[in-house]
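*Asks:* here is a sequence together with a model predicted from it:
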Amino acid sequence: MTKPVCVLVGAPGSGKSTVGAELATLLGVGFRDTDTDIEQMAGKPIPEIFIDEGEAHFRALERAAVLAALTSHPGVLALGGGAVLAEENRAALIGHTVVHLSVELTDAVKRVGLGAGRPLLSVNPRATLKHLMDQRRPLYAEVATATVVTDGRAPEEIAAEIVALLRP
Ligand SMILES: Nc1ncnc2c1ncn2[C@@H]1O[C@H](COP(=O)(O)OP(=O)(O)OP(=O)(O)O)[C@@H](O)[C@H]1O
Ligand SMILES: O=C(O)C1=C[C@@H](O)[C@@H](O)[C@H](O)C1
Ligand SMILES: [Mg+2]
């Protein structure tokens, strides 16, 4: 069994995928994203999983992807924005180095507006994102061993701060 050097959690648009890739480059380790693992498991993009099989099925695939990656990936691991909703995932994160990328609503809305492919945010993204963030804030705080603010900061700067945090 091997465990990630760092696990990233945070709201949609907090930059887990972007900062995670940069952090892995800086550390010279591999980068894995459970959203990508789920798409490989299902053989289709996440929006299609939501349409064809529904959110409950997606969450089941997500639990399997999170548990597998936490015991097999030695590099940087980004979790999907909703992975902390599952008690099983939160329990599995105990004992890991978990960095919460915090973001306020204004920056999160700007960022998710830049990219498509977020099925939960396809209708009324600002209000939906606010609701998701209010619901999940305590869950990110529960699993995090450190929190890094991302608002108004470049991914490279955020990744460099995490490198410093990881130094013994
Ligand atoms: N610190 C940042 N400053 C400006 N833009 C950013 C920053 N971090 C990420 N972005 C941009 O915001 C968008 C969302 O970033 P990203 O996909 O990394 O978020 P995420 O946390 O992985 O979201 P999800 O939970 O949906 O997977 C991308 O277009 C990315 O380029
Ligand atoms: O916030 C969420 O619940 C999600 C975030 C994305 O990373 C994907 O995991 C999926 O679109 C669901
Ligand atoms: Mg992502």
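*Replies:* Received the coordinates, thanks. As the structure is a prediction and not an experimental result, all values here were calculated from the model. Ligands and ions are numbered 1, 2, ... in the order given.

*Asks:* when you work out contacts or count neighbours from here on, use the C-alpha atoms and nothing else.
*Replies:* Noted.

*Asks:* and this structure, which residues reach ligand 1?
*Replies:* 11-18, 80-81, 111-112, 114-115, 150, 153-155 (CA under 6 Å from any ligand atom).

*Asks:* can you pull out the strands in this protein?
*Replies:* In the chain, the strands defined using DSSP state E lie at 6-9, 31-33, 76-78, 98-102, 146-149.

*Asks:* which of those strands sits most buried?
*Replies:* When the strands of the chain are scored by mean count of other CA atoms under 10 Å, the highest mean neighbour count falls to strand 76-78 (a mean of 27).

*Asks:* direction included, what does that strand pair up with?
*Replies:* Here strand 76-78 is paired, per DSSP bridges, with strand 6-9 (parallel), strand 31-33 (parallel).

*Asks:* any chance of the ones you listed in a markdown table, with mean pLDDT and distance to I94 too?
*Replies:* Shown next, in a markdown table, are the strands paired with strand 76-78 (pLDDT from 0 to 100; distance: least, CA to CA, whole Å):
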| stretch | mean pLDDT | distance to I94 |
| --- | --- | --- |
| strand 6-9 | 98 | 11 |
| strand 31-33 | 98 | 19 |
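
*Asks:* that older thread, so which of the residues of the chain next to ligand 1 are also by ligand 2?
*Replies:* 12, 80-81.

*Asks:* may I see the ChimeraX selection of the buried members of those?
*Replies:* Entered in ChimeraX, the line below selects the buried ones among these, by 16 or more other CA atoms under 10 Å:
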select :12,80,81
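
*Asks:* between the ones next to ligand 2 among the residues of the chain next to ligand 1, which is nearest P138?
*Replies:* Of all those, G81 has the smallest distance to P138: 13.3 Å, by CA to CA.

*Asks:* my read: that closest one touches L8, true?
*Replies:* No. Using CA atoms under 8 Å as the test, G81 is too far from L8 to be in contact (9.6 Å).

*Asks:* from ligand 1, how far out is the residue of the chain most remote from its centre?
*Replies:* Distance from the C-alpha centroid of the chain peaks at P168, with 23.9 Å (CA atoms, centre = their mean). The span separating P168 from ligand 1 equals 25 Å under the rule CA to the nearest ligand atom, to the nearest Å.

*Asks:* I'm done for today, thanks for sticking with me.
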